[in-house]
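K.L.:
need a structure here:
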Amino acid sequence: MQTLKIVSVSLGIDHSLFLASNGLVFSCGLNDNGQLGLKDTKQASSPTLVNSSKSKLPYARGILAAKFHSLFWTHTELYTWGLNGGQLGHIKKDWTIAYPKLVASVKDVNLDCVATSDGAIVILNRNGDLKAIHEYQTRHVASRLTDVVKIEVIGGHLDPKAVDKASIHLVERGGQDLKIFILNKIGRISVWTEKSPSMNQCLFNVTKELWITDFVLHRHGMLLTSKEGFAYQGVHHAKVREKENSSKASNSSVGGSLFKFIDKSACDVIKVRRVSYVHRAQSVACDPKGRNFCVLQTDPMHNLNELPCVSPKTIAKDVKAIYDEDHLKDLVLKVGKASFRCHKIIVSTASDKLAKLVKLVDNTDDSTVIIEEAIAPELFEQILQYAYSQGCDLTSVGRTTFKWNPKKEQCQALDEINSHFE
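P.N.:
Next up is the predicted model:
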């Protein structure tokens, strides 16, 4: 067992199935109904080979386990075993089948997808024909289904006569009705139920369109993942349809219409609620009651072939370039005998006091603001540079070429101006 590569695992309530890369099937767990496929009803505590070379059973392509039964399939054949309550595809009164048995109604069919619940088995062939095995019959469900990504099934009624053990109690027509959900490549879900004669598309109760990538069913609803990486809890609500409307819809679908719009009134609804703190979701799984679930997420570094290149900040350099250019300047600040052309919006943002002075000339033709404080023009130019780029010659590290011998009144004016800058 240690030298084999396990490619698939399927879990029932009390037993498990394992599929190796070479097509061998192993089973272990409880075996009250022969669901291990070992020709008896003895439990197996370790994985035991089911389709050995001596058994003349073919190598498996896929496996599935349910509460009372198990199955595996090849490209053209389906084998089932366990409690035969009408869901295994075998004749009535063979209540316990403790060894994989070929389903005659599925022989020589190119199987594309297989799904199972406790009370039914659903198969899809490569021609797009969908069939359900339950209640001792193989029922045709739909035709010409294309681009199917996943099939999930829940419900189905088991025959109470198949159980003679006090530990298992089945009721006539008990449990849920059979429901089959289909996910296609464009992220849409369709559903078939026993009460509906055809496949019905499902819509969601949200304004934005959801592209579903994976989903799983449980007794009380479903869990879904979207293309955006979010996870949702959902509950299916079937649309109430009258017999007349359903017959008209079936007749209109047969016509030669080239394109058909979606009739929202004829669609079922899945009410969803987002699961918090889930991102980068790829697939989802849960227990039969939906009380516990897990979401498989992608690694944040997935598809990251190289480290992101973050460009250095250039905003200070760009703003300083704006200050050095003369055009688009709409304000003149006059300090003493010197004048400085600048931009109203930048100066107003840098200083509350200058913003008040700018407002005085906003609605006038004159764009000149006189600074009355006794401050040296060369020093005010440094302050103006700082307003633009948050830096000037005085704040640069190292030696500076700027030289100034201030007077006492100019120092007081400088302190007053600086108090208005952020």
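
K.L.:
can we go C-alpha only for contacts and neighbour counts from here?
P.N.:
Fine.

K.L.:
All the strands of the stretch 301-422 of the chain, residue numbers only.
P.N.:
Remark: strands assigned in the stretch 301-422 of the chain by DSSP state E, counting those that start in this stretch are 331-335, 338-342, 368-371.

K.L.:
Which residues outside the first one are in contact with it?
P.N.:
Right, strand 331-335. The contact list for strand 331-335 (Cα atoms under 8 Å, 6 or more residues apart in numbering) reads 339-344, 367-372, 375-377, 380.

K.L.:
Quick check: Leu183 touching Ile189?
P.N.:
Yes - the pair Leu183 / Ile189 is scored as a contact, 4.6 Å apart, by Cα atoms under 8 Å.

K.L.:
Common neighbours of these two, please.
P.N.:
Shared contacts of Leu183 and Ile189, defined by Cα under 8 Å, 6+ apart, comprise Ile212.

K.L.:
Pick the most deeply packed of the strands of the stretch 301-422 of the chain.
P.N.:
Stretch with highest mean neighbour count among the strands of the stretch 301-422 of the chain: strand 331-335 (a mean of 19; mean count of other Cα atoms under 10 Å).

K.L.:
centre of the chain versus it, how much separation?
P.N.:
59 Å (Cα atoms, centre = their mean, to the nearest Å).

K.L.:
and if you look at stretch 360-371?
P.N.:
Using Cα atoms, centre = their mean, the offset of stretch 360-371 from its chain centre is 58 Å.

K.L.:
Identify the structural domains in the chain and state their residue ranges.
P.N.:
The record assigns the chain these domain ranges, following automatic domain parsing: 6-297, 315-418.

K.L.:
Between the ones you listed, which one is closest to Leu304.
P.N.:
If you check each of the domains of the chain against Leu304 by Cα to Cα, domain 6-297 wins as the nearest, at 14.2 Å.

K.L.:
Let me know the next secondary structure element after the worst-scoring helix or strand of the chain on mean pLDDT.
P.N.:
Scoring the helices and strands of the chain by mean pLDDT, DSSP states H and E places helix 243-253 at the bottom, with a mean of 45. As assigned by DSSP states H and E, the chain's next helix or strand after helix 243-253 is strand 268-274.

K.L.:
average model confidence for that next one?
P.N.:
Strand 268-274 carries an average pLDDT of 95.

K.L.:
Direction included, what does the following helix or strand past that strand pair up with?
P.N.:
Using DSSP H and E, the helix or strand that follows strand 268-274 in sequence is strand 281-286. Partners of strand 281-286 in the sheet, by DSSP bridges, are strand 293-297 (antiparallel).

K.L.:
Name the residues of the partner strand that are buried.
P.N.:
Neighbour counts over strand 293-297 (16 or more other Cα atoms under 10 Å) mark Val295 as buried.

K.L.:
Can you give the contact residues for that strand?
P.N.:
With Cα under 8 Å, 6+ apart as the test, strand 293-297 has contacts from Ala231, Val278, His279, Arg280, Ala281, Gln282, Ser283, Val284, Ala285, Cys286, Asp287.

K.L.:
so how far is it off the chain centroid?
P.N.:
Centroid separation for strand 293-297 versus its chain: 10 Å, with Cα atoms, centre = their mean.

K.L.:
Strand 338-342 and the longest helix along the chain, what's the angle between them?
P.N.:
Assignment by DSSP state H gives helix 377-389 as the longest helix of the chain. Between helix 377-389 and strand 338-342, the angle comes out at 10 degrees (axes from the mean of the first three to the mean of the last three Cα atoms, to 10 degrees).

K.L.:
Please save the CA atoms from helix 377-389 in PDB.
P.N.:
What follows is the C-alpha trace of helix 377-389 in PDB, where atoms were taken according to Å, rounded to 0.1, in the frame of the first residue of the first chain:
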ATOM      1  CA  PRO A 377      12.500  87.300  -0.200                       C
ATOM      2  CA  GLU A 378      15.300  84.700  -0.400                       C
ATOM      3  CA  LEU A 379      14.000  83.000   2.700                       C
ATOM      4  CA  PHE A 380      10.400  83.100   1.600                       C
ATOM      5  CA  GLU A 381      11.500  81.400  -1.600                       C
ATOM      6  CA  GLN A 382      12.800  78.500   0.500                       C
ATOM      7  CA  ILE A 383       9.400  78.300   2.300                       C
ATOM      8  CA  LEU A 384       7.600  78.300  -1.000                       C
ATOM      9  CA  GLN A 385       9.800  75.400  -2.300                       C
ATOM     10  CA  TYR A 386       8.900  73.500   0.900                       C
ATOM     11  CA  ALA A 387       5.200  74.100   0.300                       C
ATOM     12  CA  TYR A 388       5.600  72.400  -3.200                       C
ATOM     13  CA  SER A 389       7.900  69.500  -2.500                       C
END
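
K.L.:
For that helix, name the packing helices and strands.
P.N.:
helix 315-324, helix 344-350 (3 or more Cα pairs under 8 Å, 6 or more residues apart in numbering; DSSP states H and E).

K.L.:
Turn those helices into JSON lines, columns for mean pLDDT, distance to His237 and mean neighbour count.
P.N.:
Compiled in JSON lines, the helices and strands packed on helix 377-389 are given as follows (pLDDT from 0 to 100; distance: least, Cα to Cα, whole Å; neighbours: other Cα atoms under 10 Å):
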{"stretch": "helix 315-324", "mean pLDDT": "80", "distance to His237": "55", "mean neighbour count": "14"}
{"stretch": "helix 344-350", "mean pLDDT": "86", "distance to His237": "57", "mean neighbour count": "16"}
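
K.L.:
would you list those in a markdown table and tack on distance to Gln385?
P.N.:
Below are the helices and strands packed on helix 377-389 laid out as a markdown table (distance: least, Cα to Cα, whole Å):
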| stretch | distance to Gln385 |
| --- | --- |
| helix 315-324 | 7 |
| helix 344-350 | 10 |
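
K.L.:
what residue ranges in the stretch 51-200 of the chain score low on pLDDT?
P.N.:
165-167, 169 (pLDDT under 70).

K.L.:
Specify the beta-bridge partners of the residue lying closest to Ile121 once chain neighbours are set aside.
P.N.:
Distances taken as Cα to Cα, 6 or more residues apart in numbering put Ile133 closest to Ile121, at 5.1 Å, once the chain neighbours are dropped. When assigned by DSSP bridges, Ile133 has beta-bridge partners Ile121, Thr138.

K.L.:
Any figure for the gap between Ile133 and Asn84?
P.N.:
Noted for Ile133: a distance of 12 Å to Asn84, by Cα to Cα, to the nearest Å.

K.L.:
quick one, which of the two is more surrounded?
P.N.:
Using other Cα atoms under 10 Å, the more surrounded residue of Ile133 and Asn84 is Asn84, with 31 against 24.
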